[in-house]
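*Asks:* structure for this input, please:
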Amino acid sequence: MFGSKKEKRFEEISVQHYQYGLIMLLVDTETGVNYMHAWTPQGISLTPLLDENGEVVVKNIE
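*Replies:* Modelled structure (predicted):
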């Protein structure tokens, strides 16, 4: 359990500095679901990334 080296569950696709915070796009390496993570001095948010039709963006995992 502890001490075993595992592959990271989330992979950073993109990181952008926005005013006083960060916007990161992450992909879950097990499910392929893409997330947008925003960090600002006022707070933090995490939400699934949606396409133009309002569907969750899923990357093919091979």
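*Asks:* okay, CA-based contacts and neighbour counts for the rest of this
*Replies:* OK.
*Asks:* give me the neighbour count for the closest residue to residue 61 other than its chain neighbours.
*Replies:* Take residue 61 and drop its neighbours on the chain: the residue closest to it by C-alpha to C-alpha, 6 or more residues apart in numbering is residue 32, 5.9 Å away. Around residue 32 sit 16 other residues, with neighbours defined as other C-alpha atoms under 10 Å.
*Asks:* pLDDT score for residue 32?
*Replies:* Each residue has a pLDDT score; the one for residue 32 is 94.
*Asks:* just the CA coordinates for stretch 48-58, please, in PDB.
*Replies:* Written as PDB, here are the backbone C-alpha positions of stretch 48-58 (Å, rounded to 0.1, in the frame of the first residue of the first chain):
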ATOM      1  CA  PRO A  48     -15.800  18.500 -15.600                       C
ATOM      2  CA  LEU A  49     -14.900  20.100 -18.900                       C
ATOM      3  CA  LEU A  50     -17.900  20.400 -21.300                       C
ATOM      4  CA  ASP A  51     -18.000  20.500 -25.100                       C
ATOM      5  CA  GLU A  52     -20.100  22.800 -27.200                       C
ATOM      6  CA  ASN A  53     -23.100  20.500 -26.800                       C
ATOM      7  CA  GLY A  54     -22.900  20.400 -23.000                       C
ATOM      8  CA  GLU A  55     -21.400  16.900 -23.000                       C
ATOM      9  CA  VAL A  56     -18.500  15.900 -20.700                       C
ATOM     10  CA  VAL A  57     -15.200  15.800 -22.700                       C
ATOM     11  CA  VAL A  58     -13.700  12.300 -22.500                       C
END
